[in-house]
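[1] sequence isn't available, so here's the structure alone:
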């Protein structure tokens, strides 16, 4: 198992919502874990005929003030916060007879539900959890040694880990659950603050409001739509020239930053040009000027008014080439002084110096009368992730092109097809209602700019339900294909590749983008 794996030997369980808790308790008991618990949770565990140590026995102090103080004690928090690898902490634990606590399971008092149900002020106040929120923060802080399960919604994931790994957890898993813990804590406190301040924000607002500044925008996607950005723009970019960023600019920048960060993983110097959140030009070359020239050649028409981005410092030679194009935004980690002087010749050009920031852990999107939340698509398929399923294997050059094209298709609106050769985007099919339409659009685009597709590769964001795309690609000169697979008719596409002597790789990872 992975490095920094720790076996759970003791657990503190104090939850409001006990639905789904029984399987976890039984699995912990089966693994020989010592259980500590409080009040109603302890009674629940005892009813399962499973041994449990009352917290009062550990602290030698009773629950007081009508249950307001139960776990707030050095023997509890010392056992959670003690750093197992620090000898002074271990010595103090031994001196004060503090047992280590390896797992904390909490489900907070339902403050938000009590407010929503129209509870009285006293009922609402009593649903402000103090001990539980403290347990979450303590265990999350010490994720090096402790696993925190901060809410009922995480019971199932925790049970799977405990069952599959015989009661052990990896450092990565503990860190992930710590993230859940701090998210739970942050949301809980925001809701309480909103109630005390007399303001009840929408669910989507609660995700981002707080200390984040609000930036009014000129308008949204269209002039009749008022809009704003809630977040720290100054923490992302230094604006060196040009007007304030618009709603559409920000959407394009988000897509551009995510794409260039993935392309930078491949080595070389990447350059990309985006329009309406999709790459219309992209290339990786030994020098920035070469990368710019190759990216622009991919679609010089769509590049007009686009967003330009790279992961290296813009030099004067490249700036001179870029200066001939009308574009909205250029974004880079830095600019040579001479390059900046060239680019600043047009006052409305937005020139951004990008700062290094950690991307948000989740993505949100309003839908119907609520919000959708998901983890970002952080999978970047490399050559080692590509399983060759055909008689013919792709060449080393083709494999690198498959990596390149698969990154591009990941960042292209679905249904999407990418055609590439020599780490240059030759044609893309974007946002089509059928995969055949996307492929035909990509081929037509490549033909429009006189690209020869003989020896090019193709990437698809999802599987091929039929072999028709393979036939069309073969007729166009494509020699290697990468796709996620997963269709019940995968064999049909593989057989079509073998018949046309095309190499095909399957990654197992779909990359829809809507």
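    Noted; the coordinates are in hand. Fair warning: this is a prediction, and the values are worked out from it, not measured in the lab.
[2] run through the strands of the stretch 251-400 of the chain in chain order.
    269-275, 278-285, 306-310, 327-332, 350-354, 363-367, 370-374, 387-388 (DSSP state E, counting those that start in this stretch).
[3] swap that for the stretch 1-150 of the chain, sorry
    6-7, 10-15, 34-37, 53-54, 103-107, 147-149.
[4] now the last one: mean pLDDT?
    Averaged across strand 147-149, pLDDT comes to 93.
[5] ok, the fourth one next?
    The average of the pLDDT scores along strand 53-54 is 88.
[6] on that earlier part again, distance to residue 23 and mean neighbour count added to the strands of the stretch 1-150 of the chain, as a markdown table?
    Every residue, glycine included, has its C-beta placed from N, CA and C. Shown next, in a markdown table, are these (distance: least, Cβ to Cβ, whole Å; neighbours: other Cβ atoms under 10 Å):
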| stretch | distance to residue 23 | mean neighbour count |
| --- | --- | --- |
| strand 6-7 | 19 | 16 |
| strand 10-15 | 13 | 23 |
| strand 34-37 | 14 | 22 |
| strand 53-54 | 21 | 15 |
| strand 103-107 | 12 | 27 |
| strand 147-149 | 13 | 28 |
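[7] want to throw those strands into TSV with distance to residue 428?
    TSV is the format used below for these (distance: least, Cβ to Cβ, whole Å):
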stretch	distance to residue 428
strand 6-7	46
strand 10-15	50
strand 34-37	56
strand 53-54	62
strand 103-107	47
strand 147-149	43
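[8] residue 226 is nearest to which of these?
    With Cβ to Cβ as the criterion, residue 226 lies closest to strand 103-107 of those, at 39.2 Å.
[9] which residues touch that closest one?
    With Cβ atoms under 8 Å, 6 or more residues apart in numbering as the contact definition, strand 103-107 has outside contacts at 8, 10-18, 21, 24, 28, 33, 80, 132, 135-136, 138-139, 146-152, 155, 158.
[10] I figured residue 408 hits residue 428, correct?
    Yes: using Cβ atoms under 8 Å, residue 408 makes contact with residue 428 at a distance of 7.2 Å.
[11] who touches both of those two?
    279, 418.
[12] so these two - more neighbours on which side?
    residue 428 (30 against 24; other Cβ atoms under 10 Å).
[13] against residue 265, how distant is that one?
    20 Å (Cβ to Cβ, to the nearest Å).
[14] flag every buried residue along the biggest helix by length in the chain.
    If you go by DSSP state H, the chain has its longest helix at helix 171-197. Within helix 171-197, the residues that qualify as buried by neighbour count (16 or more other Cβ atoms under 10 Å) are 173-174, 176-185, 187-188, 190-192, 194-195.
[15] okay, helices next: where are they in the stretch 201-350 of the chain?
    203-206, 247-263, 288-298, 316-322, 337-343 (DSSP state H, counting those that start in this stretch).
[16] ok, now the stretch 351-500 of the chain?
    So, for the stretch 351-500 of the chain - with DSSP H, counting those that start in this stretch - the helices run 396-410, 435-448, 468-476, 490-500.
[17] which residue lies nearest the spatial centre of this protein?
    residue 376 (2.6 Å; Cα atoms, centre = their mean).
[18] does that residue really touch residue 364, like I thought?
    No: using Cβ under 8 Å, residue 376 is not in contact with residue 364; the gap is 10.8 Å.
[19] who does the longest helix of the chain touch, helix- and strand-wise?
    helix 111-116, helix 131-141, strand 147-149, helix 203-206 (3 or more Cβ pairs under 8 Å, 6 or more residues apart in numbering; DSSP states H and E).
[20] what bits of the stretch 51-200 of the chain have low per-residue confidence?
    60-64, 66-71, 198-200 (pLDDT under 70).
[21] now do 90
    53-101, 107-134, 137, 151-158, 164-167, 172-173, 176, 179-200 (pLDDT under 90).
[22] flag every buried residue along stretch 505-514.
    For stretch 505-514, burial by neighbour count (16+ other Cβ under 10 Å) applies to 505, 506, 507, 509, 510, 511, 513.
[23] before we move on, what about stretch 383-400?
    Buried, per 16+ other Cβ under 10 Å, within stretch 383-400: 385, 386, 389, 390, 394, 398, 399, 400.
[24] ok, and the closest non-adjacent residue to the last one?
    Spatial nearest neighbour of residue 400, excluding adjacent residues (Cβ to Cβ, 6 or more residues apart in numbering): residue 423 at 6.6 Å.
[25] burial measure for that neighbour, as a count.
    Count around residue 423 with other Cβ under 10 Å applied: 22.
[26] kindly report the same for residue 19.
    9.
[27] wait, doesn't it sit right on residue 151?
    No: in this structure, residue 19 is not within contact of residue 151 by Cβ under 8 Å, at 11.7 Å.
[28] and stretch 170-185, how far out from the chain's middle?
    14 Å (Cα atoms, centre = their mean, to the nearest Å).
[29] around residue 314, how many other residues sit close by?
    27.
[30] please renumber so the chain begins at 464
    Sure thing, new numbering starts at 464, so read that last one as residue 777.
[31] list the residues that contact it.
    751, 785, 793, 795, 797, 798, 799, 802, 803, 806.
[32] go again with 6 Å.
    The neighbours of residue 777, taking Cβ atoms under 6 Å, 6 or more residues apart in numbering as the test, are 795, 798, 802.
[33] from residue 777, how far off is the second one?
    Residue 798 is 5 Å from residue 777, where distance means Cβ to Cβ.
[34] name the nearest residue to residue 874, sequence neighbours excluded.
    residue 722 is the one closest to residue 874 (Cβ to Cβ, 6+ apart), at 4.3 Å.
[35] hmm, residue 622 is touching residue 484, no?
    No: applying Cβ atoms under 6 Å as the test, residue 622 and residue 484 come out as separate, 9.5 Å apart.
[36] against residue 696, how distant is the residue lying closest to residue 638 once chain neighbours are set aside?
    Computed as Cβ to Cβ, 6+ apart, the closest residue to residue 638 that is not its neighbour in sequence is residue 606, at 5.2 Å. From residue 606 across to residue 696, the span is 30 Å (Cβ to Cβ).
[37] when those two are compared, which one has more neighbours?
    The neighbour comparison of residue 606 against residue 696 (other Cβ under 10 Å) goes to residue 606, with 21 against 16.
[38] what's the more buried one in contact with, if anything?
    Residue 606 neighbours (Cβ under 6 Å, 6+ apart): 637, 638, 641.
[39] again with residue 516
    Neighbours of residue 516 in contact, by Cβ under 6 Å, 6+ apart: residue 499.
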